[in-house]
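Trainee: Sequence plus predicted model, see below.
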Amino acid sequence: MLNSYSSADKVLLAVDCIIFGFDNEGLKILLIQRDFEPEKGKWSLIGGFLKRDEVLDSAATRILNTYTGLNDIYMEQLYAYSEIDRDPVERTISVSYFALINIENHNAELIQNYHAEWFPINDAPHLIFDHNEMVQNAIKRLRYKTSVKPIGFELLPEKFTMRQLLELYEAILSKELDKRNFISKINSLGILNKLDEKDMQSSRKGSYLYTFNKEKYEEKLLNDFVLNL
């Protein structure tokens, strides 16, 4: 019968997080080395199981905070993975999320305690189960959204140069961008605040620092604006 809860199959629901970060070396992903079976000692996405009193977004927020110490993280739900044999121990359905964080802001001690490590996105180890597929789907989504919407500022420090912003977009999109065209399009959005300060490490004359205007930034995310990088 359709209304017979007691006779229905019970399955576990997991949340797996693809956590992207950015530093001077490029786009990176945070992975954890499992300390339990199955696949003990191998690399995995950071995740956990949904609790009875949680919705999926709350579970993802809890997991991200546990491993990074951060709150108010940009995250987005991606896909559900339900292959019958994806987990050899229990029938488990996983919902994936991707998150963007500034590597400088996370709690390095927390990450070390959980045997987690940042890897360059193009040099990450093979992952357990279907986690490699999750990562590839997250990269595709991130690249698409970056090419059409002004996202990714969560990966930068509070004050950044235009060069840093360009390098971030090139790292995400995995291609070289025309500098003048990029700067023109970004400036046309009106989402940057140019400061009177300069980063004197980048050149003899220095490079102006910027912050992003969060109010205008969020407005652009909600509107049907297309960046077309």
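Mentor: Sure, I can see it. Numbering: from 1, shown residues only.
Trainee: Low-confidence stretches in the protein?
Mentor: Along the chain, segments meeting pLDDT under 70 span 1-3, 221, 224-226.
Trainee: Which stretches in it count as strands?
Mentor: In the chain, the segments counted as strands under DSSP state E are 12-23, 26-33, 43-44, 46-49, 74-81, 92-102, 116-120, 160-161, 192-199, 207-212.
Trainee: Now do the second one and strand 116-120, the angle between them.
Mentor: Put simply, strand 26-33 runs at 150 degrees to strand 116-120, going by axes from the mean of the first three to the mean of the last three Cα atoms, to 10 degrees.
Trainee: mind listing what's buried in strand 26-33?
Mentor: Going by neighbour count (16 or more other Cβ atoms under 10 Å), the buried part of strand 26-33 is 26-32. No exception for glycine: its C-beta is placed from N, CA and C like everyone else's.
Trainee: mind listing what it pairs with, with the direction of each?
Mentor: If you go by DSSP bridges, strand 26-33 pairs up with strand 12-23 (antiparallel), strand 43-44 (antiparallel), strand 116-120 (antiparallel).
Trainee: among those, which is nearest K51?
Mentor: strand 12-23 (9.8 Å; Cβ to Cβ).
Trainee: Output the closest one as PDB, restricted to C-alpha atoms.
Mentor: Extracted in PDB, the C-alpha atoms of strand 12-23 (Å, rounded to 0.1, in the frame of the first residue of the first chain):
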ATOM      1  CA  LEU A  12      20.500   6.600   4.400                       C
ATOM      2  CA  LEU A  13      20.800  10.200   3.100                       C
ATOM      3  CA  ALA A  14      24.200  11.700   2.900                       C
ATOM      4  CA  VAL A  15      25.400  15.200   2.100                       C
ATOM      5  CA  ASP A  16      28.800  15.500   0.300                       C
ATOM      6  CA  CYS A  17      30.500  18.900  -0.100                       C
ATOM      7  CA  ILE A  18      32.800  20.000  -2.900                       C
ATOM      8  CA  ILE A  19      34.700  22.900  -1.300                       C
ATOM      9  CA  PHE A  20      36.600  25.100  -3.700                       C
ATOM     10  CA  GLY A  21      39.200  27.600  -2.500                       C
ATOM     11  CA  PHE A  22      41.600  30.000  -4.200                       C
ATOM     12  CA  ASP A  23      45.100  31.300  -3.500                       C
END
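Trainee: Columns distance to Q164 and mean neighbour count on top of the strands paired with strand 26-33, output as JSON lines?
Mentor: Listed next are the strands paired with strand 26-33 as JSON lines, based on distance: least, Cβ to Cβ, whole Å; neighbours: other Cβ atoms under 10 Å:
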{"stretch": "strand 12-23", "distance to Q164": "9", "mean neighbour count": "22"}
{"stretch": "strand 43-44", "distance to Q164": "29", "mean neighbour count": "18"}
{"stretch": "strand 116-120", "distance to Q164": "17", "mean neighbour count": "16"}
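Trainee: Same list, those, but as JSON lines with distance to K149 please.
Mentor: Output for the strands paired with strand 26-33, formatted as JSON lines (distance: least, Cβ to Cβ, whole Å):
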{"stretch": "strand 12-23", "distance to K149": "15"}
{"stretch": "strand 43-44", "distance to K149": "30"}
{"stretch": "strand 116-120", "distance to K149": "24"}
